[in-house]
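Novice: Have a look at this prediction, sequence included:
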Amino acid sequence: MSLKLGQVTTVVISSSTMAKQVLKYQDQDFTSRFAPDAVQVHNYCKFSVGWLPICPRWRKIRRIMSTYIFSCNRLDANQHLRSQKTKELIAYCDKCSQEGKVVDIGQAAFKTSLNLMSNTLFSKDLADPFSDSKVELKEVIWGILTEIGKPNLVDFFPILKMIDLQGIRRRTTIQVGKLFKLFDALINERLEEKKRRSYEKRDVLETLLNISEDNPEEIDQDHIKSMFLDLFAGATDTTSSTVEWAMAEILKQPEIMKKAQTELVEIIGKGKYIEEADVSQLLYLQCIIKETLRMHPPVPLLPRSVQQDVELCDYIIPKDSQVLINVWAISRDFTFWEDPLTFKPERFWGSYLDIRGQNFELIPLSAGRRICPGYPLGLRMIPLMLGSLLNSFNWKLEADIESNDLDMEEKFGLSLAKAHSLRAIPSPL
Ligand code: HEM
């Protein structure tokens with residue numbers, strides 16, 4: 001499907017065959033991004049791996065990420081952090097269980113992901129794991145993703161740029177500014193602290209500052225701020241919304257919860273904490289996660305663009321078109337999936353289908369050169385959080401809501417969120 005508005009043609013791809021062509025065989029033609037006006041603030045998109053086209057700077061940032069953050073060795077080395085943050089999530093739910101209080105699952109999972117990221121990056125919590133109050137940073141990050149996801153007239157009629165008719169750039173300027181101010185303060189504090197002490201901290205910020213000291217043109221403070229924004233935006237909403245959707249689907253079908261809990265008891269032991277090494281044995285839990293990512297892909301549309309006319313399956317896509325790969329529609333395609341609108345983890349039992357960019361009917365993490373760089377971390381965080389919630393408590397919906405009546409409405413932004421928060425009550429197993 002294609003649509004021309006103002007000066008921009010938008011092409012939406014909703015078939016797995018075409019997605020394979022774009023992401024695998026013609027990857028080189030489709031690796032650019034259409035950077036919307038909303039991200040052209042505080043120099044963010046000039047240093048952001050998420051918005052740069054494929055270029056030496058993009059390659060450099062991806063290399064730094066894959067070597068110093070997402071390599072297997074690095075992730076193994078800081079798995080104690082994820083374990084500790086997951087224990088705090090369980091301790092918070094335990095407190096709610098004792099007080100008979102409801103847990104806002106998305107909010108609790110978001111705080112866990114946020115603290116997990118912030119501890120990995122700069123060894124600090126950014127949210128109080130035991131408070132019930134809203135997390136300001138959630139509003140800021142969600143605000144940025146929502147504004148970027150909104151159709152903005154300025155992107156189609158650049159002449160309107162001066163006016164910022166919908167106020168989108170004004171709002172992202174404020175929100176990105178808030179995050180950059182926080183990152184600037186953390187970086188400056190660390191630079192001061194580094195001068196005073198003789199030992200090294202083992203976190204990402206310290207590593208990046210060391211690279212910058214040795215080789216200033218490799219990475220500087222602007223790179224670090226944009227990278228941190230990309231990492232927080234990339235990690236927190238995707239992982240927490242996957243946990244929230246999975247719990248919502250499980251609460252709608254209590255027999256799935258029973259089955260998952262039986263597996264956890266057999267393999268981990270009732271009420272025991274899960275470690276990352278256990279996850280490879282938790283096959284049913286993995287099926288639940290795949291099925292959640294199929295039905296509720298956190299990034300429903302992959303935004304790409306073309307820099308010259310490109311022929312794709314007998315169509316010509318004009319230069320500067322925006323191309324959106326509709327992951328959401330592909331993973332609900334009736335011609336491939338049996339009963340695609342039903343949440344059925346069993347469909348993946350013994351199935352060859354993988355989510356890491358090899359099977360184009362299921363591409364929640366994308367595929368090709370721009371595949372999500374953070375997925376090795378995301379795929380460690382989600383089973384840990386979800387498995388721990390299920391192996392520590394029985395869950396029921398807030399009073400008066402029958403499982404059949406649970407609202408599953410989706411809220412589309414750059415990411416796909418649950419429109420109404422999932423509120424559930426934990427009780428001892
Ligand atoms: C369930 C978890 C996750 C899902 C489903 C997911 C999905 C995606 C998708 C679909 C893209 C777009 C790729 C494309 O345009 O082809 C992406 C990009 C990205 N993701 Fe993830 N992601 C997840 C977790 C994470 C985590 C944990 C991080 C960081 C810690 C992260 C960081 C990023 C970044 C920085 C990009 C931009 C990469 C680029 O454009 O080169 N993601 N992710």
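Specialist: Alright, I've got the coordinates.

Novice: C-terminal to the longest helix seen in the chain, which secondary structure element comes first?
Specialist: Secondary structure assigned by DSSP state H gives helix 221-252 as the longest helix of the chain. Proceeding N to C from helix 221-252, the next assigned helix or strand is helix 254-267, under DSSP states H and E.

Novice: angle of that following helix against helix 221-252?
Specialist: Counting by axes from the mean of the first three to the mean of the last three CA atoms, to 10 degrees, helix 254-267 lies at 110 degrees to helix 221-252.

Novice: Need the contact partners of the helix or strand just after helix 254-267.
Specialist: Note on helix 254-267: by DSSP H and E, the next helix or strand toward the C-terminus is helix 283-295. Here helix 283-295 makes contact (CB atoms under 8 Å, 6 or more residues apart in numbering) with 242, 245-246, 249-250, 256, 259-260, 263-264, 279, 331-332, 337, 343-349, 353, 355, 362, 364-365, 379, 382-383, 386-387, 390. For every residue, glycine as well, the C-beta is placed using N, CA and C.

Novice: out of these, which touch the ligand?
Specialist: When the contacts of helix 283-295 are filtered against the ligand using CB under 6 Å from any ligand atom, the residues retained are 242, 364, 365, 382.

Novice: Pull the distance from stretch 371-391 to the chain's centre.
Specialist: Relative to the centre of its chain, stretch 371-391 is centred 10 Å away, using CA atoms, centre = their mean, to the nearest Å.

Novice: got the CA coordinates for it in CSV?
Specialist: Extracted C-alpha coordinates of stretch 371-391, given in CSV (Å, rounded to 0.1, in the frame of the first residue of the first chain):
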residue,chain,number,x,y,z
ILE,A,371,18.2,-5.6,13.7
CYS,A,372,17.7,-4.5,17.3
PRO,A,373,21.2,-4.3,18.8
GLY,A,374,19.8,-4.7,22.3
TYR,A,375,17.9,-7.9,21.9
PRO,A,376,20.6,-10.1,23.7
LEU,A,377,19.8,-8.0,26.8
GLY,A,378,16.1,-7.8,26.2
LEU,A,379,15.8,-11.5,25.8
ARG,A,380,17.6,-12.0,29.2
MET,A,381,15.4,-9.4,31.0
ILE,A,382,12.0,-10.5,29.9
PRO,A,383,12.1,-14.2,31.0
LEU,A,384,13.7,-13.2,34.2
MET,A,385,11.0,-10.7,35.1
LEU,A,386,8.0,-12.8,33.8
GLY,A,387,9.3,-16.1,35.2
SER,A,388,9.9,-14.5,38.6
LEU,A,389,6.5,-13.0,38.8
LEU,A,390,4.9,-16.4,37.9
ASN,A,391,7.1,-18.4,40.2
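
Novice: buried residues in it?
Specialist: Going by neighbour count (16 or more other CB atoms under 10 Å), the buried part of stretch 371-391 is 372-391.

Novice: same question, stretch 65-76
Specialist: Buried residues in stretch 65-76, counted by 16+ other CB under 10 Å: 65, 69, 70, 74, 75.

Novice: And the closest residue to the fourth one other than its chain neighbours, what's its pLDDT?
Specialist: Distances taken as CB to CB, 6 or more residues apart in numbering place residue 68 nearest to residue 74, at 6.4 Å, with adjacent residues excluded. Confidence per residue is given as pLDDT, and for residue 68 that number is 92.

Novice: Could you check how far residue 68 is from the ligand?
Specialist: 12 Å (CB to the nearest ligand atom, to the nearest Å).

Novice: surely that residue meets residue 205?
Specialist: No - the pair formed by residue 68 and residue 205 falls short of the contact definition of CB atoms under 8 Å, at 10.6 Å.

Novice: Sketch out the low-pLDDT regions of the stretch 201-350 of the chain for me.
Specialist: The stretch 201-350 of the chain contains no residues with pLDDT under 70.

Novice: Show me what residue of it gets nearest to the ligand.
Specialist: Closest contact between the stretch 201-350 of the chain and the ligand, by CB to the nearest ligand atom, is at residue 234 (2.5 Å).

Novice: Dead centre of this protein: give me the residue that sits there.
Specialist: By CA atoms, centre = their mean, the chain has its centre lying nearest to residue 238, at 2.5 Å.

Novice: Do I have it right that that residue meets residue 300?
Specialist: No - at 11.3 Å, residue 238 does not count as touching residue 300 under the criterion of CB under 8 Å.

Novice: can you list residues touching both of those two?
Specialist: Shared contacts of residue 238 and residue 300, counting by CB under 8 Å, 6+ apart, come down to residue 415.

Novice: what is the orientation angle of the longest helix of the chain with helix 283-295?
Specialist: Going by the same axes, to 10 degrees, helix 221-252 makes 110 degrees with helix 283-295.

Novice: quick one: helix 221-252 to chain centroid distance?
Specialist: The chain centre lies 3 Å from the centre of helix 221-252; the measure is CA atoms, centre = their mean.
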